[in-house]
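In: Provide a 3D model corresponding to the input given below.
(one chain, ligands or ions: 1)
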Amino acid sequence: MGKFGFNPTKFVHWSDPTAANLKYKEKYHTEYKKRSTTTNVQPKEKYSTTPYAAKEKVARNVNYISTNIKGEDSKQASQNDYIKRHLYVKSCVDKESPEWKFQAQKVSIRNYTPKVINQEINMGMWIIVMSSIIASLAQVANFAVGLGGNPLAIAGLLPIFAIGLTFMRYSSFDPESHPVDARRIYPEYDFIVVGGGSAGAVVASRLSEISNWTVLLLEAGGDENEISDIPALSGYVQMSEMDWMYQTSPPGDSPYCLAMIGDRCNWPRGKVLGGSSTINAMIYVRGNRHDYDLWESLGNPGWSYQNVLPYFLKSEDNRNPYLQRTKYHSTGGYLTVQESPWRTPLAIAFLQAGKELGYQIRDCNGELQTGFMIAQGTIRRGSRCSTAKAFLRPVRLRRNLHIAMHSQATQVLIDPNTKMAYGVKFTKNNRPFAVRAKREVVLSAGALSTPQLLMLSGVGPKDHLESFGITVLSDLKVGHNLQDHVGLGGFTFMIDDPISFKKERFQNFGVAMEYIFNERGPLTSLGVEGLAFVNTKYAPKSGSWPDVQFHFAGSSVNSDGDRVKQITGLRDSVYNTVYKPIANAESWSILPLLLRPKSTGWVRLKSTDPRVYPDINPNYFTHKEDVAVLIDGIRIGLNVSNTAAFQRFNSRPHKIAFPGCKQYPFDSDEYWECSIRHFTFTIYHPTSTAKMGPANDPDAVVDPRLRVYGIGNLRVIDASIMPAIVSGNTNAPTIMIGEKGADMIKEDWLHGRKSA
Ligand SMILES: Cc1cc2nc3c(=O)[nH]c(=O)nc-3n(C[C@H](O)[C@H](O)[C@H](O)COP(=O)(O)OP(=O)(O)OC[C@H]3O[C@@H](n4cnc5c(N)ncnc54)[C@H](O)[C@@H]3O)c2cc1C
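Out: Down below sits the predicted model:
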């Protein structure tokens, strides 16, 4: 048994198709069916996979959950069904019958799984083993008869060939092999895509589907690796070479990030193939249908919810059967989406709490967003599914697609007379290059780098560019309208039971082995286990466009204090006062997040040197209503802790105030405003710095077909174009923008459709 009574090697997987497990499943099914309809007691195997001791407590919790999912009326039936599906730590992912996996494997190349690959490896391994045996026999024979250079000796070379061939073949059929850095760069391509992130990887992949188009993808960073693959370690990729490590500028009149060193918040961005999708927390959320209807109503035809939903579906390969069955999810796309196969019991309590508070428990990516859910993630078989893995790896052998890593664009080449973009200047491994684009340059460098590049290339606010001596080619509000989701960080609740997600519970040998061999266990956790979209008193009365999002985690700052402190940039004084006293204690947290902030900021140049980071000022909380909404959201968070679902763990808020907020009584408005301005927490969703809008919108930078106003053959396709930030995490919406943007390019060039 592990240190915490957790023996991962004894983990029995619902999805494991071994004979032993099939037997187990059968028994389990019968048992479950019988008990869930007749008694309050659930089979106790349920928690056998968790590190959670205290048996009688577990039984009590199980009883609690069971009691509360009994006695369904028709309105509650779907919610109860949702909870039942997630009751079992292991049962929610992959398949509902042992056959499912087999069927899925046959569907398409994109459904390849390591299991399939393993079969091939097994074949390969057989060849290697057999060859080695032949080789050994040959060597023995050589030695025995003393005949060098005879046919047996030649046979001894065969295994070497066999090994070589096996591995060559392996990397060519494995759709998950890594892309290769382009060795040769042509002087000219049809399209140059700058930035291989959430959107750029999609654009490059889709454009290169046209075999007579040549595409160059320029990515400033390198490739992803095994560490970035592990969901639970996503915090460890930040502040590595895969991270640009931006920081906000110190605040002006409206203070924020006061608990951080220098009053500056860290803003990680992915500097790696896959971009921020390679370092993010993998939460898959699409936003609210009203967001897209708003975009269209602002003068952007083709961007309504009905118009964008097909693009979400086009990308998706959902691996949860209960979601696949709905019309809001699909299978067969490049991007794998699934729930983590592991969670703490607190996640179920979170759902229960939502129900107690009168919310629906539902797939918030489905018909309606308001409610509580288990987080869905861009993960594949327990590992991260970045856009590089999803969209670039399967097409990496296309001859018309060159992927140049460690290649940082420094300027878009624009003819000052014709105002047409015709190429890109970049440095690769510190050597300068210039490449021409026959058709278009596409900027997908993200909401911070895209505006910086535009401004360096002469596209931006006239006064600002002229102050740097840059010739203005198109006077546009580039870098304005910066929006981001922001909330209260470190909002912590203490519990008594040993059931939280602490570092020592996911960083140990057994857990690592479980991840490596079974693609399961705590390392597959997104960290954020549950999500909720709730209405404060300021939300639209319809109730269907929530204004606050909760990220629920079975952990908090104190669960992996050193790391969290480092990546958030928390001051020692703050950490030592507030979190050190509860270091490693059992806790959980909610991150209440403003979904549609009214405060907006900017990205501006600090220098004409492309290596100098821009001035990033989000202007958090300059609009008073943002503070008011968030405070109301925090109080809903307190109510979550007060539900019976959490009270059975003796949940209570951690009440040590930030050093600068001690003067305010706990739970007063002043206390919360002070806390928000101290532990200002963004989950890194900057958008809208190259706003999409109609020609008569003075703030618009691109038109509804994402073409930069005033400049030909130049588009922006990334999170920068959102006219207003979506009500939810921004990765899936950005991938959607990539899909739709690529389709627009195809329509324009292949079908001559040029008008908006
Ligand atoms: C730590 C973190 C956690 C997050 N968690 C989530 C989450 O859980 N769920 C969610 O939905 N969203 C999350 N997000 C946000 C989400 O990942 C982003 O909104 C999304 O990835 C933005 O996509 P993008 O294509 O606009 O930019 P990016 O994905 O950042 O891509 C930009 C790419 O361009 C490259 N680049 C930049 N400048 C240049 C240049 N000059 N030359 C060449 N290449 C360049 C970059 O290296 C990068 O690869 C998170 C973000 C971060 C940073």
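
In: Can you name the residue of the stretch 151-300 of the chain nearest the ligand?
Out: G197 (1.8 Å; CB to the nearest ligand atom). From N, CA and C alone the C-beta is placed, and that goes for glycine too.

In: Might one say that that residue is in contact with G270?
Out: Yes: judged on CB atoms under 8 Å, G197 makes contact with G270 at a distance of 6.0 Å.

In: for the ligand, what are the nearby residues on the stretch 451-600 of the chain?
Out: For the stretch 451-600 of the chain, the residues found near the ligand under the criterion CB under 6 Å from any ligand atom are L453.

In: In the stretch 451-600 of the chain, what residue spans correspond to strands?
Out: According to DSSP state E, counting those that start in this stretch, the stretch 451-600 of the chain carries its strands in the segments 459-460, 474-475, 486-488, 492-494, 528-534, 548-553, 587-594.

In: out of the ones you listed, deepest packed?
Out: strand 459-460 (a mean of 30; mean count of other CB atoms under 10 Å).

In: who does that strand pair up with?
Out: Pairing partners of strand 459-460, with direction, according to DSSP bridges: strand 474-475 (parallel).

In: Show me what the helix or strand hosting V424 is packed against.
Out: Using DSSP states H and E, the secondary-structure element containing V424 is strand 421-428. With contacts defined as 3 or more CB pairs under 8 Å, 6 or more residues apart in numbering; DSSP states H and E, strand 421-428 has these neighbours: strand 188-194, strand 407-414, strand 431-443.

In: Please work out which of those strands is packed deepest.
Out: Mean neighbour counts were compared across those using mean count of other CB under 10 Å; the top stretch is strand 188-194, at a mean of 25.

In: quick check: angle from the helix or strand following that strand to strand 188-194?
Out: Downstream of strand 188-194, the next assigned helix or strand under DSSP H and E is helix 200-207. Counting by axes from the mean of the first three to the mean of the last three CA atoms, to 10 degrees, helix 200-207 lies at 150 degrees to strand 188-194.

In: Which strands border the following helix or strand past helix 200-207, and is each parallel or antiparallel?
Out: Remark: after helix 200-207, the chain's next helix or strand is strand 215-218, criterion DSSP H and E. Partner strands for strand 215-218, per DSSP bridges, with pairing direction: strand 188-194 (parallel), strand 401-404 (parallel).

In: Do any residues in strand 215-218 lie close to the ligand?
Out: Yes: remark: strand 215-218 sits within contact range of the ligand at L218, by CB under 6 Å from any ligand atom.

In: before we move on, back to that, redo the strands paired with strand 215-218 as JSON lines? Include distance to the ligand and mean pLDDT.
Out: Shown next, in JSON lines, are the strands paired with strand 215-218 (distance: least, CB to the nearest ligand atom, whole Å; pLDDT from 0 to 100):
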{"stretch": "strand 188-194", "distance to the ligand": "5", "mean pLDDT": "98"}
{"stretch": "strand 401-404", "distance to the ligand": "9", "mean pLDDT": "98"}
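
In: closest one to K419 among those?
Out: K419 sits nearest to strand 188-194 of all the strands paired with strand 215-218, at 17.6 Å, using CB to CB.

In: any idea of the angle the closest one forms with strand 431-443?
Out: Inter-element angle recorded for strand 188-194 and strand 431-443: 80 degrees (by the same axes, to 10 degrees).

In: Return the residues of the stretch 51-200 of the chain in contact with the ligand.
Out: Applying CB under 6 Å from any ligand atom, we find that the stretch 51-200 of the chain lies next to the ligand at V194, G195, G196, G197, S198, A199, G200.

In: Could you report the distance from the first one to A409?
Out: Noted for V194: a distance of 4 Å to A409, by CB to CB, to the nearest Å.

In: Kindly report the same for the fourth one.
Out: When distances are taken as CB to CB, G197 and A409 turn out to be 13 Å apart.

In: tell me, what's touching the two both at once?
Out: Listed as contacting both G197 and A409 by CB atoms under 8 Å, 6 or more residues apart in numbering are A445.

In: Run through the strands of the stretch 251-400 of the chain in chain order.
Out: In the stretch 251-400 of the chain, the segments counted as strands under DSSP E, counting those that start in this stretch are 266-267, 316-318, 335-339, 371-374, 376-377, 379-380, 383-384.

In: Kindly state the pLDDT recorded for the residue nearest the centre of the chain?
Out: Residue closest to the average C-alpha location in the chain (CA atoms, centre = their mean): M282, at 2.3 Å. In this prediction, M282 carries a pLDDT score of 98.

In: which ones are touching the residue of the stretch 151-300 of the chain closest to the ligand?
Out: Taking CB under 8 Å, 6+ apart as the definition of contact, the neighbours of G197 are G270, G274, G275, S276, S277, T387, S444, A445, G446, D718, T734.

In: which two of the residues of the stretch 51-200 of the chain next to the ligand lie the greatest distance from each other?
Out: Spatial extent of those (CB to CB) is set by the pair V194 and S198 at 13.7 Å.

In: before we move on, the earlier item: possible to save the helices and strands packed on strand 421-428 as a markdown table with distance to G561?
Out: A markdown table is the format used below for the helices and strands packed on strand 421-428 (distance: least, CB to CB, whole Å):
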| stretch | distance to G561 |
| --- | --- |
| strand 188-194 | 38 |
| strand 407-414 | 35 |
| strand 431-443 | 39 |
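
In: who wins for proximity to S668 among these?
Out: Closest approach to S668 among the helices and strands packed on strand 421-428 (CB to CB): strand 431-443, 46.2 Å.

In: Residues in contact with that closest one: which ones?
Out: Identification of contacts with strand 431-443 by CB under 8 Å, 6+ apart yields 185-195, 200, 203, 213, 216, 407, 410, 412-413, 421-427, 450, 453-454, 690, 713-718, 720, 741, 745, 749.

In: of those, buried ones?
Out: The neighbour-count test (16 or more other CB atoms under 10 Å) applied to the contacts of strand 431-443 identifies 189-195, 200, 203, 213, 216, 407, 410, 412-413, 421-427, 450, 453-454, 690, 713-718, 720, 741, 745, 749 as buried.

In: ok so, going back, list the contacts of the strand holding V424.
Out: Contacts to strand 421-428, defined as CB under 8 Å, 6+ apart, come from residues 185, 192, 194, 218, 404, 406-415, 432-437, 440-441, 711-714.

In: if you average pLDDT over that strand, what comes out?
Out: Mean predicted confidence for strand 421-428 is 98.

In: likewise stretch 368-377?
Out: The pLDDT scores in stretch 368-377 average 98.

In: And for stretch 530-542?
Out: The predicted confidence, averaged over stretch 530-542, sits at 98.

In: swap in stretch 331-344?
Out: 94.

In: re the thing from before, find the nearest non-adjacent residue to the residue of the stretch 151-300 of the chain closest to the ligand, please.
Out: Residue nearest to G197 in three dimensions, not counting chain neighbours: G275, with 1.9 Å by CB to CB, 6 or more residues apart in numbering.

In: cool, and F666?
Out: The nearest residue in space to F666 (CB to CB, 6+ apart) is K655, at 5.3 Å.

In: on that earlier part again, redo the strands paired with strand 215-218 as TSV? Include distance to G543.
Out: Putting those into TSV (distance: least, CB to CB, whole Å) gives the following:
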stretch	distance to G543
strand 188-194	41
strand 401-404	46
